[in-house]
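Asks: Pasting the sequence and the predicted coordinates here, then a few questions.
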Amino acid sequence: MILSSFPPMGIYETLFRFNEVTGRYMGDQDTHPWAQGFPLTDPVPGGPELPATIELTATDLMYPKADGQPELRRAIAEYYNNYYGSQLVPDNVAVFAGGRPALFAILSFLDAERIVSVEETEYTPYWDLLSLLQRPHELIPSNRANRFRPSLDEHPTGDSTFLLKSNPCNPTGVAVNGEDLRTLVEYYGDRSRGALIDEAYEFFTETEPESAIKYVDNIDETNLFIVGAATKGLQVPGMRVGWVIAARDHIRIFRNYSSFGMGGVSRASQLYVTGLLEPKRVAHARRAVGEFYTSQRKRYGAVLADLGIELYSGSGGFYHWCALPNGLTAEAFNERLFRHGAGILPGPLCDMARRGGDGPLGSMMRFSFGPLGPESLEADAEILKRCLG
């Protein structure tokens with residue numbers, strides 16, 4: 001074998017195991033995709049319609065611009081300016097084929113002297129990226145002792161530190177906002193430091209959505225990278241469109257990278273997503289998505305708690321982060337769930353120290369209600385009850 005081998009990212013590890021056991025793909029009809037991080041791709045109740053078609057001209061079939069089509073970059077900049085009072089221009093925006101390629105590019109080109117700080121419990125691909133890229137990193141305590149809500153005082157100190165963080169956090173749903181977010185941004189906004197703040201779940205909050213850009217005076221004077229995507233809040237994961245907001249000097253590096261390493265992003269996808277960012281439509285989506293998923297969080301939280309599952313969930317994202325009762329491990333729970341066409345994401349796959357099923361996250365699970373419609377609660381509750389009995 002002439003290629004270096006490595007395992008699939010944690011979520012896919014669960015999906016592949018589900019297929020191996022059941023012969024089906026999680027997310028297909030009559031399955032219960034509690035392991036997966038995608039939203040409904042039909043309109044949420046009270047939400048805007050999702051366009052069924054787009055019109056393409058001969059020009060739209062040409063190669064895309066390396067850093068993204070000007071119309072989409074302008075729409076993204078204007079979105080942040082309208083909602084967060086920033087002063088971004090299109091040159092502060094680079095478009096990627098989803099959020100993960102953006103994360104990969106940032107960490108790939110990060111100064112070798114930088115030490116990455118990452119919370120102990122975080123988004124599963126962060127571990128894969130740090131390992132594959134051999135990035136030195138240190139862990140911020142995020143565990144039951146602090147209820148997965150680390151304060152800035154628990155972050156490593158030092159001028160070379162670079163924070164890697166999802167906000168709201170995947171898997172915990174814990175959101176840093178208000179004055180806490182301002183303090184975090186001011187600390188890592190110092191030019192001696194830096195941060196990658198992954199805001200894929202920006203819309204999924206009980207309160208008004210909030211971006212780190214709200215607390216940035218001039219992003220061109222920082223080493224801050226704010227990652228967003230159409231994947232979650234705009235409900236189109238299959239379009240594979242994400243973006244990075246950063247200093248213009250950094251965006252030029254991503255443009256150069258795309259010229260040889262990515263070749264740009266599908267113009268058709270970019271055209272579709274540009275339409276989703278039309279000001280009235282995006283205002284409608286922010287409100288409706290937040291309201292629906294807040295309702296779902298409360299409904300599923302009540303079911304899980306009634307079954308003796310201990311919740312550590314925050315008020316963001318579309319996950320419940322919880323501990324199984326009676327010493328049941330998440331891996332063992334999944335083997336029971338698979339027989340019912342269901343599955344969760346085991347907590348150990350969110351462990352940035354990868355301590356396995358015997359580690360501190362062995363009985364933790366991420367339960368996703370992202371793909372679930374309002375009518376699925378009763379059947380889901382019955383499966384959970386059977387597998388915990």
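Replies: Right, received. Where do you want to start?
Asks: in this protein, which helix or strand is least confident?
Replies: helix 10-22 (a mean of 92; mean pLDDT, DSSP states H and E).
Asks: which is the next helix or strand following that helix?
Replies: The helix or strand immediately downstream of helix 10-22 is helix 70-84, counting by DSSP states H and E.
Asks: What count of nearby residues applies to the nearest residue to Ser315 once chain neighbours are set aside?
Replies: Leaving out its chain neighbours, the residue that sits closest to Ser315 by C-beta to C-beta, 6 or more residues apart in numbering is Glu206, at 4.4 Å. C-beta coordinates here come from the backbone N, C-alpha and C atoms, glycine included. Neighbours of Glu206 under the rule other C-beta atoms under 10 Å: 15.
Asks: Isn't Glu206 up against Tyr293?
Replies: No: in this structure Glu206 lies outside contact range of Tyr293 using C-beta atoms under 8 Å: 9.1 Å.
Asks: Strands along the chain, start to end?
Replies: Assigned strands in the chain, in chain order: 93-96, 115-119, 137-140, 161-166, 194-198, 224-229, 242-245, 310-311, 319-323, 345-346, 364-368 (criterion: DSSP state E).
Asks: right, so of those, which gets closest to Ala58?
Replies: Taking C-beta to C-beta, strand 93-96 is the member of the strands of the chain nearest to Ala58, at 21.4 Å.
Asks: Which strands or helices does the closest one pack on?
Replies: If you count contacts as 3 or more C-beta pairs under 8 Å, 6 or more residues apart in numbering; DSSP states H and E, strand 93-96 packs onto helix 70-84, helix 99-109, strand 242-245, helix 248-261.
Asks: Tell me which residues of the second one come out buried.
Replies: If you call a residue buried by 16 or more other C-beta atoms under 10 Å, then helix 99-109 has these buried ones: Gly99, Arg100, Pro101, Ala102, Leu103, Phe104, Ala105, Ile106, Leu107.
Asks: same deal with the last one?
Replies: In terms of neighbour count (16+ other C-beta under 10 Å), helix 248-261 has its buried residues at His250, Ile251, Phe254, Arg255, Tyr257, Ser258.
Asks: from the chain's centre, how far out does that helix sit?
Replies: 23 Å (C-alpha atoms, centre = their mean, to the nearest Å).
Asks: what do you get for the first one?
Replies: The chain centroid and the centroid of helix 70-84 are separated by 20 Å under C-alpha atoms, centre = their mean.
Asks: Show me what that helix is packed up against.
Replies: Here helix 70-84 touches strand 93-96, strand 242-245, helix 267-276, helix 279-306, going by 3+ C-beta pairs under 8 Å, 6+ apart.
Asks: for the shortest one, same thing?
Replies: Using 3+ C-beta pairs under 8 Å, 6+ apart, the elements in contact with strand 242-245 are helix 70-84, strand 93-96, helix 99-109, strand 224-229, helix 248-261.
Asks: TSV please, covering these and showing mean pLDDT.
Replies: Formatted as TSV, the helices and strands packed on strand 242-245 follow (pLDDT from 0 to 100):
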stretch	mean pLDDT
helix 70-84	98
strand 93-96	98
helix 99-109	97
strand 224-229	98
helix 248-261	97
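Asks: Can I get these in CSV including distance to Pro346?
Replies: Shown next, in CSV, are the helices and strands packed on strand 242-245 (distance: least, C-beta to C-beta, whole Å):
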stretch, distance to Pro346
helix 70-84, 35
strand 93-96, 28
helix 99-109, 20
strand 224-229, 25
helix 248-261, 33
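Asks: related to what we said a few turns ago, of all the helices and strands packed on strand 93-96, which lies closest to Gly301?
Replies: helix 99-109 (26.0 Å).
Asks: Using CSV, write out every CA atom in the closest one.
Replies: Extracted C-alpha coordinates of helix 99-109, given in CSV (Å, rounded to 0.1, in the frame of the first residue of the first chain):
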residue,chain,number,x,y,z
GLY,A,99,-16.7,24.2,6.8
ARG,A,100,-14.3,21.4,7.2
PRO,A,101,-12.1,22.3,4.2
ALA,A,102,-11.8,25.8,5.7
LEU,A,103,-10.7,24.3,9.0
PHE,A,104,-8.2,22.2,7.2
ALA,A,105,-6.7,25.2,5.3
ILE,A,106,-6.4,27.3,8.4
LEU,A,107,-4.6,24.7,10.5
SER,A,108,-2.5,23.6,7.5
PHE,A,109,-1.0,27.1,7.0
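Asks: Tell me which residues are up against it.
Replies: Here helix 99-109 makes contact (C-beta atoms under 8 Å, 6 or more residues apart in numbering) with 94, 96, 116, 125-126, 129-130, 133, 135, 164, 196, 198, 200, 225, 227-229, 231, 242-244, 253-254, 257, 261-262.
Asks: swap the cut-off to 6 Å and go again
Replies: 96, 125, 129, 133, 135, 196, 200, 225, 227, 229, 242, 244, 253-254, 257 (C-beta atoms under 6 Å, 6 or more residues apart in numbering).
Asks: Now find how far off-centre it is within its chain.
Replies: Mean C-alpha position of helix 99-109 versus that of the full chain (C-alpha atoms, centre = their mean) differs by 13 Å.
Asks: and the angle from that helix to strand 194-198?
Replies: Orientation check (axes from the mean of the first three to the mean of the last three C-alpha atoms, to 10 degrees): helix 99-109 against strand 194-198 gives 170 degrees.
Asks: now helix 99-109 and helix 248-261, what's the angle there?
Replies: 110 degrees.
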